[in-house]
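# Can you look at this prediction? I've put the sequence above it.
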Amino acid sequence: MADMQIISADALQSPLPHKDYTMHLLQATAANGLLPAERLEALRSGLQHAAAERAAQYTAGRSTTVTRRQAEAFYASVFTQLDAVLLTAQDDEEALGMLRTMPLTELLDQGALLTVHAYEYAKEHFRKAYKQTKPVQTSFFHALLKDFEQFCTKYDARFRATDTKVSYSYPLLCGRQIPENGAVGVCRYYASLSIESDFLCCFDPADILAMMTRYAKRFLTSPDMIAENIAELVLRHFVIRLLCDIQGSSVSVTADMIEAVQAEYGSVPAEQLCTVIRQKLGEQLMPVRQPVMQYLDEMLPEFAAAMHGRIADNRLEGWLAPEKNET
Amino acid sequence: MDFSLALSGFSLLTPAQQRAQILATNRDAESYYGLALTPADAEMLMQTAQTAIRSQELVQFGGSITPRLIRWFLPSGLFGSNYAAQIAELTEAFYQLKGDLQALYDTGDDPDCVLSDNAILDYMYRFYVSPTCSGDAGEMLAQAERILIPAMRRLLEVRAAERKQHAADLGDPEMRMLYADKIAQESAEDAYEAEYDEEQYDYAYREEMHRDMFGGYLRDYVQDPAEQHSRGTFAEELEEALRRNPAFLLPSARQEAEWAQKTEDWDSETGEEMQ
């Protein structure tokens, strides 16, 4: 047992991807001999049996066959259900421990419960995000409503768990990706939209709209046709003001501010820029919007790297929509 | 170790169990009709079913349809010396029909609008025993495809149009989409209403679709033209009924329940036989 634990620590050193997590875990486990062969074989036949039972439930006695695509969907649904429970583990080691010790039926039951919770929370998150962003919504955000309707009425976690009907067409802040399958993935996406809408609520909608109008004008389009993430646009402008030590919750920036930031942070490495941004954002947001700050904190290294690249190339102005300077 | 789906191993029954189920039909076949299948016949029928299933890109998870098909068609009295071959033809015809219908289901996206295996067997049997087919499986399949497939296509279109109209009637599209799940819950029928509607449909369905099979189609049997019934052949009558109301293509819940009880009784007889 001690040897197996040593082997498992080495074999699972790099974290497994969250997409198709259970399949990756099983394959890594089988490849590295991390579970006894009997346990692996029991898991394999248990998974096949679970899919066959699901087929029987789907047809409700009306048929003894399903299509190949349906059979694959049932099998994928079993794996998605297991993803929901195994992804609650702190790390791959713990997930492996769950596979080793817990019966498959118990894992599936827990996965089903987590999926139901994720499904209900996902709906709440989206409704909140939709209502809060209404004043500053673009047509790309609005288009998510159709996917949401399909998710609410047609999503079937038991038989077609991977077919969520949600296409993640509206980008998240800093290109944040959602690798998880099924309702868990949708819940994370909608939760991200909800937190971003909380961030947008920190600012005057009229101010944001004015910024969007200026930004759209630069690209000869209209505000509702801005394809980028609006929270990210707001963050860019807000950070410029913070770096100029300008207080207040506005998103208006001027060319002078941009020049000042360019001059002060032109030679600062990306990591240091990230630290400065984190500190200044924390001072503004932490007292009232801790979840928002935690969310932004995850994306700050990427954001800071992008900003640093712009500063280094002297293209910061193109990232923003400055007001005309008052003379 | 491969964790991908092994579609060949998807079934809840082993090949030996499936073979035993087919041979268990010999008890009734021999005692009532003097027919019997050999183990080689059973193996041939299993292979025929597997080939047909694979060609239609289906996956079998339950038992084969063959034992049920045998019991369903035995009362036809149309099986002769090539009993096994006739069963094989009917099995192929069954899966052909299933494949044709599945192609419509895939585009229709209406999971409640499907013909059960029992419904397909019932249609096949009524075509099979009608004088225009008289035990010709090829003719039976041709008639079934000619009538049932367009009827299912029409029914799916009608249901899709009804859903679209129902959605349009619900008012503000934005609020409708934002609260689609709550609207669906509120629109769900009351249990009493649903039961009443089911009874009404069952009555109408039996009146229209399940009249006495031979009493209605006397034209093909009666020699004296003066006694000729005004009704047409089964195929003609079915086509006409489905043209008037495509919804009658789907059997009522009561009818399905009767068939389910019948097949359950067969399965328990088979279980006893196999012990």
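Perfect, thanks for sending it.
# Going along the chain, name the strands of the chain.
Picking chain A for this. For chain A, strands defined by DSSP state E occupy the ranges A:65-67.
# if you could check chain B rather than the one you did, that'd help
B:58-60.
# Please name the residues that touch the residue sitting nearest the centre point of it.
Geometric centre of chain B, nearest residue: residue B:120, 1.6 Å, by Cα atoms, centre = their mean. By Cβ atoms under 8 Å, 6 or more residues apart in numbering or on different chains, the contact list for residue B:120 reads B:94, B:97-98, B:101. No exception for glycine: its C-beta is placed from N, CA and C like everyone else's.
# so which of the residues you listed would you say is closest to residue A:234?
Nearest to residue A:234 among the contacts of residue B:120: residue B:101, at 53.0 Å, using Cβ to Cβ.
# How about the residues of the stretch 151-300 of chain A by chain B?
For the stretch 151-300 of chain A, the contact set with chain B under Cβ under 8 Å from any Cβ of the partner chain comprises A:152-153.
# In contact with the residue in the stretch 151-300 of chain A positioned nearest to chain B, which residues?
In the stretch 151-300 of chain A, no residue comes nearer to chain B than residue A:152, which is 3.8 Å away by Cβ to the nearest Cβ. By Cβ under 8 Å, 6+ apart, the contact set of residue A:152 is A:123, B:180-181, B:184.
# picking that back up, can you pull the pLDDT of the residue nearest to the centre of chain B?
Note on residue B:120: pLDDT of 96.
# Also residue A:291?
88.
# The helix of greatest length in chain A and chain B in contact?
Longest helix in chain A, counting residues (DSSP state H): helix A:104-133. Yes: against chain B, helix A:104-133 shows contacts by Cβ under 8 Å from any Cβ at A:123, A:127, A:130.
# contacting residues around the second one?
Contacts for residue A:127 (Cβ under 8 Å, 6+ apart) come out as B:178-179.
# got it, and the last one?
Shown in contact with residue A:130 (Cβ under 8 Å, 6+ apart): A:137, A:141, A:144-145, A:148, B:178.
# What distance do you get for residue B:99 to residue B:53?
9 Å (Cβ to Cβ, to the nearest Å).
# Who has more neighbours out of these two?
residue B:53 (21 against 17; other Cβ atoms under 10 Å in any protein chain shown).
# Can you tell me the closest non-neighbouring residue to the more buried one?
Excluding the flanking residues, the one nearest residue B:53 by Cβ to Cβ, 6 or more residues apart in numbering or on different chains is residue B:60, at 5.4 Å.
# who's that neighbour bridged to?
Legend: beta-bridge partners of residue B:60 under DSSP bridges are residue A:65.
# Number of residues surrounding the closest residue to residue B:70 other than its chain neighbours?
Excluding its sequence neighbours, the residue lying closest to residue B:70 (Cβ to Cβ, 6+ apart) is residue B:25, at 4.5 Å. Residue B:25 has 25 neighbours, counted by other Cβ under 10 Å.
# on that earlier part again, for residue A:207, state which of the contacts of residue A:152 is nearest.
The closest of the contacts of residue A:152 to residue A:207 turns out to be residue A:123 (Cβ to Cβ; 30.2 Å).
# ok, that closest one - contacts?
Here residue A:123 is in contact with A:148, A:151-152, A:190, B:181 (Cβ under 8 Å, 6+ apart).
# 6 Å instead?
By Cβ atoms under 6 Å, 6 or more residues apart in numbering or on different chains, no residues touch residue A:123.
# any weak-confidence spans in the stretch 1-150 of chain A?
Across the stretch 1-150 of chain A, residues meeting the criterion (pLDDT under 70) sit at A:1-13.
# now do the stretch 101-250 of chain B
Using pLDDT under 70, the flagged stretches of the stretch 101-250 of chain B are B:170, B:188-192, B:211-232.
# go again using 80 as the cut-off
B:166-173, B:184-194, B:207-233 (pLDDT under 80).
# got the residues of it near chain A?
B:102, B:116-117, B:177, B:180-181, B:184 (Cβ under 6 Å from any Cβ of the partner chain).
# isn't residue A:145 right up against residue B:176?
No: judged on Cβ atoms under 6 Å, residue A:145 makes no contact with residue B:176 at a distance of 9.7 Å.
# how many neighbours does residue A:256 have?
11.
# And the one 3 residues further on, by the same measure?
Per other Cβ under 10 Å, the neighbour tally for residue A:259 reads 14.
# what's the pLDDT at it?
Predicted confidence (pLDDT) for residue A:259: 92.
# circling back: which of the contacts of residue A:130 lies closest to residue B:249?
residue A:148 (33.7 Å).
# ok, for that closest one, nearest residue in space, not its chain neighbours?
Nearest one to residue A:148, counting by Cβ to Cβ, 6+ apart, is residue A:126 at 5.3 Å.
# what's around that neighbour, how many residues?
Around residue A:126 there are 26 residues (other Cβ under 10 Å).
# That one touches residue A:149, doesn't it?
No: assessed by Cβ under 6 Å, residue A:126 is found out of contact with residue A:149, at 10.4 Å.
# Give me the subset of the contacts of residue A:152 lying in helices.
A:123, B:180-181, B:184.
# Of those, just the buried ones, PyMOL syntax please.
Buried members of these, defined by 16 or more other Cβ atoms under 10 Å in any protein chain shown, are picked up in PyMOL with:
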select buried, (chain A and resi 123) or (chain B and resi 180+181)
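# is it possible to export the ones in helices among the contacts of residue A:152 to a markdown table including distance to residue B:146?
A markdown table is the format used below for the ones in helices among the contacts of residue A:152 (distance: Cβ to Cβ, whole Å):
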| residue | distance to residue B:146 |
| --- | --- |
| A:123 | 46 |
| B:180 | 39 |
| B:181 | 41 |
| B:184 | 37 |
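# out of the ones in helices among the contacts of residue A:152, who's nearest residue A:281?
Relative to residue A:281, the closest of these is residue A:123; by Cβ to Cβ it sits at 29.9 Å.
# Could you list the domains of chain A?
Chain A breaks down into these domains under automatic domain parsing: A:2-112, A:202-327.
# Run the chain-centre distance for the longest one.
By that I understand domain A:202-327. 21 Å (Cα atoms, centre = their mean, to the nearest Å).
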